[in-house]
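Trainee: need a 3D model of the following:
(chains A and B)
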There are 2 protein chains.
Amino acid sequence: MMDKWLINGLADEVITADDRGLSYGDGLFETIAVRDGACRFWSEHMARLRSGCQRLGLPAPVPEQLERDAHELIGAAERGTLKMIVTAGRGPRGYRRPQPVASTRLVGFSVESAPGPREKARVRLCATPWGSNRVLAGMKTLNRLEQVLARAEWDSAGIAEGVMLGAHGRIVSGTMSNLFIVVEGQLLTPRLDACGVHGIMRAKVFDVAGRLGLACREEDLPGSLLKQADDMFLTNALWGAWPVERLDEYLFAGSEVTARIMDGLLQLGVTECRC
Amino acid sequence: MMDKWLINGLADEVITADDRGLSYGDGLFETIAVRDGACRFWSEHMARLRSGCQRLGLPAPVPEQLERDAHELIGAAERGTLKMIVTAGRGPRGYRRPQPVASTRLVGFSVESAPGPREKARVRLCATPWGSNRVLAGMKTLNRLEQVLARAEWDSAGIAEGVMLGAHGRIVSGTMSNLFIVVEGQLLTPRLDACGVHGIMRAKVFDVAGRLGLACREEDLPGSLLKQADDMFLTNALWGAWPVERLDEYLFAGSEVTARIMDGLLQLGVTECRC
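Mentor: Presented below is the predicted three-dimensional model:
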């Protein structure tokens, strides 16, 4: 559980049973790394949240309110995870939203100490597919049952992540991370116009790759490519980029491209990539 | 809002911010018609809830607890709507469920008076598609953003429902109802193995059709069939079967089949079908 929550700006830990976030998953969330006492990539998280609200037809969140909440919760803490949830607020039964929508804003924070040096990740291929829907694709909505079911496929602490496929057996991402592969020196990542989440760290990889003169191609990638790749790494807001040792029994040879991307992220302050 | 809630059997109206029902839509719900002081098709709703929990890997709900909750909430009321939500309960951040799962059980009730006689419904075709995922298909999960977005497409009180299409432009259902069409005397309804919700009233239509010697075929139905059909009716737990007058500008000619199904439902106590 988060150590503490602010709900609509007030210290609290509950929402009403008729909040549409619970009833229908009618809302969005953000998970933000707090490092050196600050929210890493704050403006990027705010931009994604604003864009998601616009696509869902929800009122735009007020960044100053969220910033005030974050500041109050983080206090003097150096490191942890901030979670923000914006829902369509309370409403009567039925899919129709009340007009105007009065959003519910939840901000939670947990202090976390820095983990020790990490090994390369071991991951598995999940059977649970990621459904396609262009109207939801890319957003971090509260409808996450597909990822919950994929994550429930394994219980071994040694497995860090599961890779999910989508329609036609195409690669989508990890359950909680985006995924990049290196094939013949080329950096590739799945297109996310039918499903998946546009991760903040994923966008940072594009920036870094561009700066390094490495082309990074977004494509429809068949699942068969996973076990032909030279290397794979996973990204999310908390991990930075995390190289993968093996996918099930398949061992990645490794690639200089991954090391260069990680070094580039480290230059941006993503200290998880110091490995 | 519901008039009153019981949460894990206690009069309350809040859940904690770290309930997985809110975080990820990790749960299921049922909407039950209370008629003449009793829950209509109680055992069918319980069976669907149990089956859904099994598919999602959640602990089976205890029917006696739900029954006690329902009884307490309904009291001496004659008519209303009961809503049940079962979630995967509280958990730390992350898609992985805590083991064992301690579900949250919410039961809400609102008194409603009987509406006056209803006209045939006017419906529209929605642009928001229903995504496909066989692992979620058929269940009434808390992941309902697709239906929320489809319902947000219109605001006219004269439009009762919107019809949603799925992959390859196939008919799925209404946003909050199942859909039947009559084509050349044949009763047809979309297969729901890739998306949609297996409605309790939909199953009752199958029963009634069988008893009347009317074949009712579940098929993959192209959207183009909608405006070639002789008749259309919608079903859900609260409406029974509701004949449709028009879909956008297309007027249904009407069919004796619809009247026979409605009469059969009326025999089962679905008094909404007295029209």
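Trainee: ok, A:V14 touching B:E13?
Mentor: No: applying CB atoms under 8 Å, one finds A:V14 not in contact with B:E13, separated by 9.1 Å. No exception for glycine: its C-beta is placed from N, CA and C like everyone else's.
Trainee: so what's the gap between stretch A:55-68 and the chain middle?
Mentor: Centre-to-centre, stretch A:55-68 and its host chain are 18 Å apart (CA atoms, centre = their mean, to the nearest Å).
Trainee: same deal with stretch A:50-63?
Mentor: 18 Å.
Trainee: contact partners of that stretch?
Mentor: For stretch A:50-63, contacts defined as CB atoms under 8 Å, 6 or more residues apart in numbering or on different chains pick out A:26-28, A:46, A:49, A:86, A:88, A:97, A:100-101, A:103, A:105, A:135, A:139-141, B:145, B:149, B:152.
Trainee: buried subset of those residues?
Mentor: A:26-28, A:46, A:49, A:86, A:88, A:97, A:101, A:103, A:105, A:139-141, B:145, B:149, B:152 (16 or more other CB atoms under 10 Å in any protein chain shown).
Trainee: quick check: end-to-end length of stretch A:76-92?
Mentor: Taking CA to CA, to the nearest Å, the first and last residues of stretch A:76-92 lie 40 Å apart.
Trainee: sec struct for the residue located most distally from the centre of chain A, please.
Mentor: In chain A, the greatest distance from the average C-alpha position (CA atoms, centre = their mean) is reached by A:P92, at 30.8 Å. Under DSSP: H, G, I helix; E, B strand; the rest coil, A:P92 falls in the coil class.
Trainee: ok, now how distant is it from chain B?
Mentor: Distance from A:P92 to chain B, counting by CB to the nearest CB, to the nearest Å: 6 Å.
Trainee: I'd assumed A:D18 was in contact with that residue.
Mentor: Yes: counting by CB under 8 Å, A:P92 does reach A:D18; the two are 7.4 Å apart.
Trainee: what do those two both touch?
Mentor: B:M1.
Trainee: backbone phi and psi for A:L265, please?
Mentor: phi -70, psi -40 (degrees, to the nearest 10).
Trainee: contacting residues around the residue nearest to it when sequence neighbours are not counted?
Mentor: Nearest residue to A:L265, sequence neighbours excluded (CB to CB, 6 or more residues apart in numbering or on different chains): A:C273, at 4.5 Å. Shown in contact with A:C273 (CB under 8 Å, 6+ apart): A:240-241, A:262-263, A:265-266.
Trainee: any idea how far A:C273 is from chain B?
Mentor: 21 Å.
Trainee: next one: A:L221
Mentor: 20 Å.
Trainee: could you do A:S255 as well?
Mentor: A:S255 is 28 Å from chain B, by CB to the nearest CB.
Trainee: just checking, that residue touches A:G185?
Mentor: Yes: contact between A:S255 and A:G185 holds when scored by CB under 8 Å: they sit 7.2 Å apart.
Trainee: those two - which one has more neighbours?
Mentor: A:S255 (22 against 12; other CB atoms under 10 Å in any protein chain shown).
Trainee: residues contacting the more buried one?
Mentor: A:182, A:185, A:230-231.
Trainee: which PyMOL command selects the buried ones in these?
Mentor: To isolate the buried subset of the contacts of A:S255 in PyMOL, counting by 16+ other CB under 10 Å, use the following:
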select buried, chain A and resi 182+230+231
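Trainee: can you name the two of the contacts of A:S255 that sit furthest apart?
Mentor: Greatest spatial distance in the contacts of A:S255: A:G185 and A:D231, 9.9 Å, computed using CB to CB.
Trainee: which residues do those two both contact?
Mentor: In contact with both A:G185 and A:D231: A:255, A:257, using CB under 8 Å, 6+ apart.
Trainee: burial of A:E30, as a residue count?
Mentor: 23.
Trainee: wait, isn't it in contact with A:T81?
Mentor: No: at 10.6 Å, A:E30 and A:T81 do not qualify as touching, with contact defined as CB under 8 Å.
Trainee: need phi/psi at A:G264.
Mentor: phi -60, psi -40.
Trainee: ok, now how distant is it from A:L212?
Mentor: 6 Å (CB to CB, to the nearest Å).
Trainee: who's more crowded, those two?
Mentor: Using other CB under 10 Å as the criterion, A:G264 and A:L212 rank with A:G264 on top: 21 against 15.
Trainee: which SSE is the closest residue to that one other than its chain neighbours in?
Mentor: Nearest residue to A:G264 in three dimensions, chain neighbours excluded: A:V208, at 3.3 Å (CB to CB, 6+ apart). With elements taken from DSSP states H and E, the one containing A:V208 is helix A:200-212.
Trainee: what residues sit buried inside that helix?
Mentor: Neighbour counts over helix A:200-212 (16+ other CB under 10 Å) mark A:200-205, A:208-209 as buried.
Trainee: just for the stretch 151-275 of chain A, where's the confidence low?
Mentor: Along the stretch 151-275 of chain A, the model assigns pLDDT under 70 to residues A:275.
Trainee: where do the strands of it begin and end?
Mentor: Using DSSP state E, counting those that start in this stretch, the strands found in the stretch 151-275 of chain A span residues A:161-165, A:171-174, A:178-183, A:186-190, A:216-219, A:231-236, A:240-247, A:250-251.
Trainee: what's the most buried one of those?
Mentor: Highest mean neighbour count of the strands of the stretch 151-275 of chain A: strand A:171-174, a mean of 28 (counted as mean count of other CB atoms under 10 Å in any protein chain shown).
Trainee: that strand - contacts with which helices or strands?
Mentor: Secondary-structure packing of strand A:171-174 (3 or more CB pairs under 8 Å, 6 or more residues apart in numbering or on different chains; DSSP states H and E): strand A:161-165, strand A:178-183, strand A:186-190.
Trainee: what lines up beside that strand in the sheet?
Mentor: strand A:161-165 (antiparallel) (DSSP bridges).
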